[in-house]
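S.K.: Below: sequence and its predicted model.
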Amino acid sequence: MVEELSAGILEARAVSMSFSGLRVLSDVSLGLAEGDILGLIGPNGAGKTTLVNVLSGFTKPGNGEVRVDGRPVEAGDPAAFVRAGVVRTFQNVRLFSRLSVRENILAAVLARGVARRAAAERTEQLMEALDLTRFAEAEARSIPYGDERRVGIARALAGKPRFLLLDEPAAGLNGAENEALIALIARLPRDFGCGILLIEHNMQVVMALCSRLHVLDGGRTIAVGAADEVRFDPNVIRAYLGRAGEGRLAALG
Ligand SMILES: Nc1ncnc2c1ncn2[C@@H]1O[C@H](COP(=O)(O)OP(=O)(O)O)[C@@H](O)[C@H]1O
Ligand SMILES: [Mg+2]
């Protein structure tokens, strides 16, 4: 029965984490449903990336566990998380700079054990869906930053993940690139059926994309819920944006 209730959900349960005795996550529980976009926000150092590391198996938490469909996933084993359908991107893209865009994506699909012909087809589909076809032959290092980001997302989508964790995917992009990426991320749950955990600092982007928000501050959860309620939570305004934030948040309308 518990498993039925947890079907289609990636969960962190009571996760705690310390580095050299310093608490970075304290008893954090989070749930992401397939098809949803959940915003993970909070000030620098709040523990967002650490939580994504735990949720994707890159870091083994001191306490707590991660479950998919109610079943625990082997902590600290990224391959087990990939098998469970959980894939993450990194704050800095990691592409094969001398390979073409097509080869970069193909390599990711092949790495998932897909047979060659099917992998080639999947690669073309991913390039089409992510508006990368025109760069197919270009070396990854030669294309604009925003397009490079989309190659990273295409690679993450190679294995048809059920949950995609995006750590600041829009960081460093210019206005137009930023907008293109937001439009793309908005389409992902529908086009690929996955749930998305999005770490993002720009509140306008967060509000445009996320139905729900999970807010961390100093490694603790300070608010969870519908985006348009959480944004007005006084604790969130204070913690996330500082005193000057109240005006900035109000300015978003
Ligand atoms: N590998 C590590 N070793 C020691 N401290 C770390 C490590 N990774 C993160 N931290 C610390 O944990 C805290 C949370 O970091 P992080 O999860 O990167 O926050 P955020 O992504 O919200 O900015 C910070 O104080 C950071 O310095
Ligand atoms: Mg971070």
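M.R.: Structure received. Numbers count the residues shown, from 1 in each chain. Ligands and ions are numbered 1, 2, ... in the order given.
S.K.: now the end-to-end length of stretch 33-45.
M.R.: 25 Å (Cα to Cα, to the nearest Å).
S.K.: what's in contact with the top helix by length along the chain?
M.R.: Longest helix in the chain by number of residues, with DSSP state H as the criterion: helix 175-192. The contact list for helix 175-192 (Cβ atoms under 8 Å, 6 or more residues apart in numbering) reads 34-37, 129-131, 144-146, 149-150, 153, 157, 160-161, 164, 166, 169-170, 173, 194-196, 198, 202, 205, 208-209. To be clear about C-beta, it is placed using only N, CA and C from the backbone, and glycine gets the same treatment.
S.K.: which of the residues you listed count as buried?
M.R.: Neighbour-count burial (16 or more other Cβ atoms under 10 Å) applied to the contacts of helix 175-192 gives 34-37, 129-130, 146, 149-150, 153, 157, 161, 164, 166, 169-170, 173, 194-196, 198, 205, 208-209.
S.K.: Narrow the contacts of helix 175-192 to those in strands?
M.R.: Assigned to strands by DSSP state E, the following of those qualify: 37, 164, 166, 195-196, 198.
S.K.: Can you name every helix or strand that whichever strand or helix holds Ser26 contacts?
M.R.: Applying DSSP states H and E as the criterion places Ser26 in strand 22-33. With contacts taken as 3 or more Cβ pairs under 8 Å, 6 or more residues apart in numbering; DSSP states H and E, strand 22-33 sits against strand 9-19, strand 37-41, helix 48-55, strand 63-68, strand 195-199, strand 220-226.
S.K.: pLDDT below threshold where in the protein?
M.R.: 1-4, 91-93, 240-253 (pLDDT under 70).
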